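Asker: sharing a model that was predicted from the sequence below.
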Amino acid sequence: MAVRTIEVPASRKQATARALITGGAGFIGSHLAEHLLDEGYDVCVLDDLSTGSMSNLEHLDAQDLTMINGDVADRSLVSDLVRQCDVVFHLAASVGVRRIVDNPIESISVNITGTEVVLDAAARFRRRVIIASTSEVYGKSTKVPFNEDDDLVLGPTKNIRWGYAASKAIDEYLTISYVRDRGLPATIVRFFNTVGPRQTGRYGMVIPTFVRQALQGEPLTVHGDGTQQRAFAHVADVINGVHQLTAREDTIGEVFNVGNDSEISILELAEMIRTRTGSDSDIVKIPYDEAWTIQGFEDIKRRVPDLGKIRRWIGYEPAWSTEAIVDDVIAHFRAQPDFS
Ligand code: UDP
């Protein structure tokens, strides 16, 4: 397969390419900002700080970084920012099932409207765009590993937890439509359980939650029986993959899983974190009905990406093992005053 480089960002690189990251003050967005600054880009972050935080960007060289506190659904603001950049990474969203369950109206509309506003501006100015999606779109499919061409299996609309997957699936349909009908150079990436420094457990993410619990001597709260399996990716691997996909023209109009395919059960994960922190915390099992505010919460039993496509396209290979990821998160927590 011939590798071709996208003309706009690459050719303007010497004149300093400019990247817009919506949601750039969030966990993944801030790592992407750091990576692009290291690569010599000027970076503009658009974030409303609803879940993102300025503290995620504080350590970065402010000279090449612009932070705009604003709403991704603000059409004229987004239009201005898109016009001034070469490439757009659209990560701004109401992220995670928990936020959709707790705040469905705002979350669903932010996800759909924000993406439509970004796509519309990018199409008008013909900018390269990466649209962040999620492994949630596969829903409760039992056909693992999840392949980009698989059917999406969502539950009933009365169960609001599927609203997150549905909103991101609409984002994907919109993106594919803009590529086809307006010639927009866009690529979709589906992030799988991405972990690393600066991720907080505030929105339910399991690794920072368990690490915090272990370091504070609290019980590690395993939901259900703990046999559910996940494959955790380090954010550095994910960012590398996304950046390489961006630089290639043959990824336009394509959907890629990005993550790690090394699986672990949540109970094994709890045990690993207890061991690696040296904690003597108990591991307790919490029924789903107690862990969630909605009745009949349906968890995904096994979630693992098929990485065949991204391997074939860019030779992607995640470098971080689950143990190394856990150790990195532990080190990050320990570096904070509350945990040292
Ligand atoms: N989980 C858990 N205890 C927690 C938080 C999460 O057992 O305190 C479980 C959760 O039910 C799920 C898995 O860990 O089965 C991964 O959860 P996370 O929210 O990190 O990601 P996702 O559910 O989106 O895969």
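Answerer: It's in.
Asker: next up, identify which helix or strand the residue nearest to residue 314 when sequence neighbours are not counted is on.
Answerer: Using Cβ to Cβ, 6 or more residues apart in numbering and skipping the chain neighbours, the partner closest in space to residue 314 is residue 244 (4.4 Å). No exception for glycine: its C-beta is placed from N, CA and C like everyone else's. If you go by DSSP states H and E, residue 244 is part of helix 235-246.
Asker: the strands in the stretch 1-150 of the chain, which residues?
Answerer: 18-22, 42-47, 65-69, 87-90, 128-134 (DSSP state E, counting those that start in this stretch).
Asker: quick one: which of those strands is nearest the ligand?
Answerer: The minimum distance between the ligand and the strands of the stretch 1-150 of the chain falls on strand 128-134, with 8.1 Å, by Cβ to the nearest ligand atom.
Asker: hmm, who's touching the closest one?
Answerer: 6, 8-9, 23, 28, 86-91, 93, 95, 115, 118-119, 122, 164-165, 168, 171-172, 175, 184-191, 242, 245-246, 255 (Cβ atoms under 8 Å, 6 or more residues apart in numbering).
Asker: just checking, what packs against the helix or strand following that strand?
Answerer: Following strand 128-134 in sequence order, the next helix or strand is helix 162-182 (DSSP H and E). Contacts defined by 3 or more Cβ pairs under 8 Å, 6 or more residues apart in numbering; DSSP states H and E place helix 162-182 against helix 97-102, helix 104-125, strand 128-134, strand 186-191.
Asker: these two touch, right, residue 284 and residue 219?
Answerer: Yes. Applying Cβ atoms under 8 Å, one finds residue 284 in contact with residue 219, separated by 4.4 Å.
Asker: next one: residue 146 from residue 193, what distance?
Answerer: Distance, residue 146 to residue 193, by Cβ to Cβ, to the nearest Å: 12 Å.
Asker: and the two? Which one has more around it.
Answerer: Comparing residue 146 with residue 193 by neighbour count (other Cβ atoms under 10 Å), the higher total belongs to residue 146, at 24 against 20.
Asker: show me what that one bridges to in the sheet.
Answerer: Beta-bridge pairing for residue 146 (DSSP bridges): residue 305.
Asker: which ones are touching it?
Answerer: Taking Cβ under 8 Å, 6+ apart as the criterion, residue 146 is in contact with 135, 138, 257, 303, 304, 305, 306.
Asker: and it, how far is that from residue 100?
Answerer: The value you get for residue 146 to residue 100, if Cβ to Cβ is used, is 20 Å.
Asker: contact distance from the ligand - what residues of this structure qualify?
Answerer: Residues of the chain found near the ligand (Cβ under 6 Å from any ligand atom) are 193, 204-206, 209, 221-223, 228, 230, 266, 299, 303.
Asker: surely residue 98 and residue 202 touch.
Answerer: No. Residue 98 lies out of contact with residue 202 (Cβ under 8 Å); the separation is 9.1 Å.
Asker: out of these two, which sits in the busier spot?
Answerer: Higher neighbour count among residue 98 and residue 202: residue 98, with 19 against 12, using other Cβ under 10 Å.
Asker: just the buried members of the contacts of residue 146?
Answerer: Neighbour-count burial (16 or more other Cβ atoms under 10 Å) is assigned, among the contacts of residue 146, to 135, 138, 257, 303, 304, 305, 306.
Asker: you'd agree residue 17 is up against residue 42?
Answerer: Yes. Using Cβ under 8 Å, residue 17 is in contact with residue 42, at 7.2 Å.
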